[in-house]
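In: Got a sequence here, can you build the structure:
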Amino acid sequence: MSEQPVPPASVDLWEVMRTASAVRRYRDEPVSDEVIDACLRAASWAPSGGNQQPWKFVVLRSSALRDVVTAAAHKTWDVMTEFYRLSMPEDEADDPKSRVLRAMAEHMSVGGAAPVLVLFCVQPQRGTTELQQGGSIFPAVQNFLLAARAQGLGAAITLWHGSCEDQLRSMVAIPDDWKIATLLTVGWPKGGHHAVRRKPLEEVAAIDRWDQSWSKRMA
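Out: Numbers count the residues shown, from 1 in each chain. Next comes the predicted model:
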């Protein structure tokens, strides 16, 4: 993890990718339509199978929709804490795991009151598997995340919609042949941006064989 200072906004793609970590804590400041428009436009530039662009990005603003998302976030947190037997760390605990857990708790407590909520939907194409369908929506999600980071925003992918899908589908009037892929929360970060923490490249990249590390070839 680099010790270099992390700029709040950047047009350097490499810097943006290196510091586009999930941000779950937001300042209570509005995000302009122009900033979100840039993120949505970037999402629309993503690749998709056969250039079908089978996506729809829905910005959720109504208080009724936000209330549904908040209830779903609270339910998700309750399920997680019970399933994983989570307990909140001591206030003075400053290790990475404790910081992430506190951020997750705040994130799900705030829920639909996050500054911006964006629903990403995909229309499955005939003959495609669920995994293949993801290949035509998650590149758009990543483009949105990178555009958000480039402008100084923070964002996080959530699966809260799983706890309120029927309500969301009805209220948003999502057609029956479309699926909800994910829900993003977006806002100006409380704690700034940080370099991502990832496994060493030698653990995740290989050449020809699973057990032949790419990094050894580069040594």
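
In: Let me know the pLDDT of Gln4.
Out: Note for Gln4: predicted pLDDT of 66.

In: repeat for the one 10 residues further on
Out: In this prediction, Trp14 carries a pLDDT score of 97.

In: What is the neighbour count of it?
Out: 8 (other CB atoms under 10 Å). Yep, even glycine has a C-beta here, placed from its N, CA and C like the rest.

In: In the protein, where's the longest strand?
Out: strand 179-187 (DSSP state E).

In: Mind giving me the packing neighbours of the very next helix or strand once past that strand?
Out: Next helix or strand after strand 179-187 toward the C-terminus (DSSP states H and E): helix 201-204. Judged by 3 or more CB pairs under 8 Å, 6 or more residues apart in numbering; DSSP states H and E, the packing partners of helix 201-204 are helix 214-218.

In: ok, residues contacting the helix it packs on?
Out: Helix 214-218 is contacted from outside by Pro200, Leu201, Glu202, Ala205, Ala206, Ile207, using CB atoms under 8 Å, 6 or more residues apart in numbering.

In: From the structure, what's the count of residues near Ile36?
Out: Ile36 has 21 neighbouring residues, counting by other CB under 10 Å.

In: The one 5 residues further on now?
Out: Under the neighbour criterion other CB under 10 Å, Arg41 is assigned a count of 12.

In: thinking again about what came up before, closest to Gln123 out of the contacts of helix 214-218?
Out: Ala205 (33.0 Å; CB to CB).

In: wouldn't the closest one be in contact with Arg198 here?
Out: No. Between Ala205 and Arg198 there is no contact under CB atoms under 8 Å: 11.5 Å.

In: Who has more neighbours out of the two?
Out: Per other CB under 10 Å, whichever of Ala205 and Arg198 has more neighbours is Ala205, with 14 against 11.

In: Report the contact partners of the more buried one.
Out: Ser213, Trp214, Ser215.

In: The chain: helices as residue ranges?
Out: 13-18, 33-44, 63-83, 96-110, 130-134, 138-150, 165-172, 201-204, 214-218 (DSSP state H).

In: Output the contacting helices and strands for the second one.
Out: Put plainly, it is helix 33-44. strand 55-60, strand 116-122, helix 138-150.

In: Tell me who's in contact with the residue positioned nearest the centre of the chain.
Out: Closest residue to the average C-alpha location of the chain: Ile157 at 2.3 Å, with CA atoms, centre = their mean. Residues in contact with Ile157 (CB under 8 Å, 6+ apart) are Ala22, Val141, Leu145, Thr182, Leu183, Leu184.

In: could you point out where the protein is predicted with low confidence?
Out: 1-4, 219 (pLDDT under 70).
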